[in-house]
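Undergrad: only geometry, no sequence info:
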DNA sequence: GATGAATGAGATTTCATTCAT
DNA sequence: TATGAATGAAATCTCATTCAT
């Protein structure tokens, strides 16, 4: 008869929000942003349509929230993973971190790749996404430069493209893609590079 | 006004169809498939909405037709480009062909990358697309095998990923991407490989 | 904490109710009935949405309650004001009462005029409102008749229309409307009438 | 089999538009703007909901279009009616014109009075409506000044309020309101005024 | 072959109302 | 008494598609 406490309310809201975010990420990832309806998402989350709007101002805000949260998670995982074994060369640690993060967030990457080409959908992310990719590129450049690579900027662009391409091909068909071997081969190649050998 | 001959009608139809396909490709590429409306496409093509349905059974069929035609064009351009200079090693010829084809079909690639993750949109292409990518992968494998690469399958997957990644990064920002240098560096690297040197 | 006594509870309830009624009147007046949401009203009143439903069965009941209370208040003010100075002729006293009441209840009049044309909103008031206006009209008729006006019913209708019209124009733009002068001129006109002079 | 001619299309569109406007005016007038749904309007007009949006960008645009068209019609009728019999004094001609226009556009006036208090609904009309009422007020002022009335501005405000009030009371209950007699009495009163007699 | 008016299903979003606490 | 999370019906609007001409 007394009203719920603030904590009770907060945890109710948090649960709802978590269900919504999880369902939305799954739907967006599986069908793409435009093909996922609020109705579907609500059904998948087991809540009423209206509740979504008590957490997010619009469908687009929902996407942005998921994106921001995922980017945040990924960034953190990446940093952790990168720290890894200090004995291994930095480039290798970055490569390993990238694929470790990939494996743990398949849905996010699928969504991310699905939406990356749609400029209008992501108008609101335009200011945020470049930072994110630029940060990775810069890390790669620094690591390659440190290893004495000749044109670190260009080589970083190539390595970034390779990682991105592998990630995308993997995400498209995780069952059959030989990710282990591909990553192993990549590491082998760049481990050499960091010992002073040429890449090509 | 005498009635038009059958040929005249046919060529009118062909013109309409060409205008529609061109407009649709441009719209799909610029805004994505779901964000492009038949009305916009018709307006951009300078025809009535209804006419689109006299050429294509549905919006999805229009997408498929564009895809099929583009894949066909690209395949042909690729083959031509690959034939290129017989003096250069096959891997290099393939790389050069890939980027030559990329530059000539920016809109197609943008569209392609934009829908690639959306399984449902492309349900009808599921049977066709894999062939297309598999064909490229196989060509790369064969070329690498011929050059004596140790694990040609894995190395082909990596090279394919690199090409795809570079292409995608380029398509996302053609103005600023250092495509020339990236391609040159790639060619340098794989030219060496085909002379028997290691890739890593 | 000892349980609250019945009186304490009652006075808490009364305070809540007063806050809700005040907030609702302000919102209805400012944005119209349909454009005011329960959420807004609750926020403006500083209470939870649910509390409104513990006082009023529905949004429409809230409107009706406000209306009834306001009509009651206005009636009382009107009677008081009308009593006024017994030396002045009755018609004049009514006119003065009307505008005195107007000035003190701007929000109520704005709401009233905003809602008057919407038959369905006021279905439940249909039985009550006519009484209210009829009462005023009758008072005017009696006063005019007493002053010897020739067609008191018709003249009452005209005077009522004038008062209503002035009130409405005033409510629409209280800053700029020359209410003082208009009322003064009206009183001047009807003071003469009650001395036996013609109105026209 | 040949497409419809431009005229055929135009007349189809005009018919649809007319049906929509008529239905919308009736609904808005009967239930108020906010209580009239596009679904109801479409049903009343005998067209699909979507068609309304091929004629008007939004529900609000529909309201504005109706308003603008009605104001235009009313202005014209008013000017015609006012021209009337040059033998009668200008004030009288304006009064007669006002009520003549009122009788011919009951729905418009009901709608007009219904939305007049809702500032937000009519945000887009804010720049247009004042002109319209100011024009009438000015006409009244000029006519009264010409007749030698002492404070023509204030008297014009009163006469305008009377006309508006009568119109509104009439619109609220056209069946029972004694419009004829009220108008006759008004004319009588202001005919005298224009002969130099006092109004009060 | 070509037109564009018309349809209607479905999408996003709002909001009065309920109810567990 | 009071809270606010949650519901779900209904509103506005979009758009692929049809069809008379």
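TA: On my side now, so go ahead. Just so it is clear, the model here is predicted, and its values are computed rather than measured.

Undergrad: can you tell me which residues contact the residue in chain A that DNA strand F sits nearest to?
TA: At 1.7 Å from DNA strand F, residue A:50 is the closest residue in chain A, using C-beta to the nearest atom of the strand. All C-beta spots, glycine's among them, are computed from the backbone N, C-alpha and C. Not one residue lies near residue A:50 by C-beta atoms under 8 Å, 6 or more residues apart in numbering or on different chains.

Undergrad: switch to 10 Å and redo it
TA: With contact set as C-beta atoms under 10 Å, 6 or more residues apart in numbering or on different chains, residue A:50 has these partners: A:38, A:42.

Undergrad: try residue A:69
TA: Going by C-beta under 10 Å, 6+ apart, residue A:69 touches A:21, A:25, A:108.

Undergrad: and residue A:130, by the same measure?
TA: Contact analysis of residue A:130 by C-beta under 10 Å, 6+ apart lists A:137, B:172-173.

Undergrad: select from the contacts of residue A:69 every entry located in helices.
TA: When DSSP state H is applied, the contacts of residue A:69 are split such that A:21, A:25, A:108 fall in helices.

Undergrad: which SS state does residue A:177 fall under?
TA: Counting by DSSP: H, G, I helix; E, B strand; the rest coil, the backbone at residue A:177 sits in coil.

Undergrad: can I assume it is in contact with residue A:103?
TA: No - the criterion here is C-beta atoms under 10 Å, and residue A:177 misses it with residue A:103 at 11.5 Å.

Undergrad: of the two, which one has the most company?
TA: Neighbour tally, residue A:177 and residue A:103, criterion other C-beta atoms under 10 Å in any protein chain shown: the higher count belongs to residue A:177, 17 against 13.

Undergrad: now the more buried one. Nearest residue, chain neighbours left out?
TA: Sequence neighbours aside, residue A:170 is the residue nearest to residue A:177 in space, at 4.5 Å (criterion: C-beta to C-beta, 6 or more residues apart in numbering or on different chains).

Undergrad: contacts only, for the one you found.
TA: Contacts of residue A:170 (C-beta under 10 Å, 6+ apart): A:99, A:102-103, A:106, A:109, A:176-179, A:182-183, B:157, B:161.

Undergrad: three-state assignment of it?
TA: With three-state DSSP as the basis, residue A:170 sits in helix.

Undergrad: wait, what's in contact with residue A:169?
TA: A:176-179, A:182, B:133, B:137, B:157-158, B:160-161, B:164-165.

Undergrad: in chain A, what spans have low per-residue confidence?
TA: A:1, A:120-121, A:126, A:192-200 (pLDDT under 70).

Undergrad: leaving out chain neighbours, which residue sits closest to residue A:133?
TA: Closest residue to residue A:133 apart from its sequence neighbours, by C-beta to C-beta, 6+ apart: residue A:160 at 7.9 Å.

Undergrad: my error: substitute residue A:64 in the last question.
TA: Counting by C-beta to C-beta, 6+ apart, the nearest residue to residue A:64 once its immediate chain neighbours are dropped is residue A:124, at 5.6 Å.

Undergrad: next, count neighbours for the one you found.
TA: Using other C-beta under 10 Å, the number of residues around residue A:124 comes to 13.

Undergrad: so which residues on chain A come close to DNA strand F?
TA: Contacts of chain A with DNA strand F, taken as C-beta under 7 Å from any atom of the strand, map to A:1-4, A:9, A:12-13, A:15-16, A:47-51, A:53-54.

Undergrad: tell me which of those is nearest to residue A:116?
TA: The nearest member of the residues of chain A next to DNA strand F to residue A:116, counting by C-beta to C-beta, is residue A:53 at 26.5 Å.

Undergrad: on the three-state scheme, residue A:118 is what?
TA: Going by three-state DSSP: residue A:118 is coil.

Undergrad: ranges for the helices of chain A?
TA: Here chain A has its helices, by DSSP H, at A:6-31, A:38-45, A:49-55, A:59-83, A:90-104, A:106-115, A:129-146, A:152-172, A:179-194.

Undergrad: list the buried residues in stretch A:166-183.
TA: Across stretch A:166-183, burial judged by 16 or more other C-beta atoms under 10 Å in any protein chain shown covers A:166-172, A:177, A:179, A:182-183.

Undergrad: can you check stretch A:100-109 too?
TA: So stretch A:100-109, judged by 16+ other C-beta under 10 Å, has buried residues A:100-102, A:105, A:107-109.

Undergrad: contacts for it next, please.
TA: Contact partners of stretch A:100-109, identified using C-beta under 10 Å, 6+ apart, comprise A:22, A:25-30, A:66-67, A:69-71, A:73-82, A:84, A:111-112, A:163-164, A:166-168, A:170-171, A:174, A:179, A:183, B:117.

Undergrad: pick out the residue of chain A closest to chain D.
TA: In chain A, the residue that lies nearest chain D is residue A:58 (18.1 Å; C-beta to the nearest C-beta).

Undergrad: and stretch A:147-158, anywhere near chain B?
TA: Yes - using C-beta under 10 Å from any C-beta of the partner chain, we find that stretch A:147-158 touches chain B at A:150-151, A:153-155, A:157-158.
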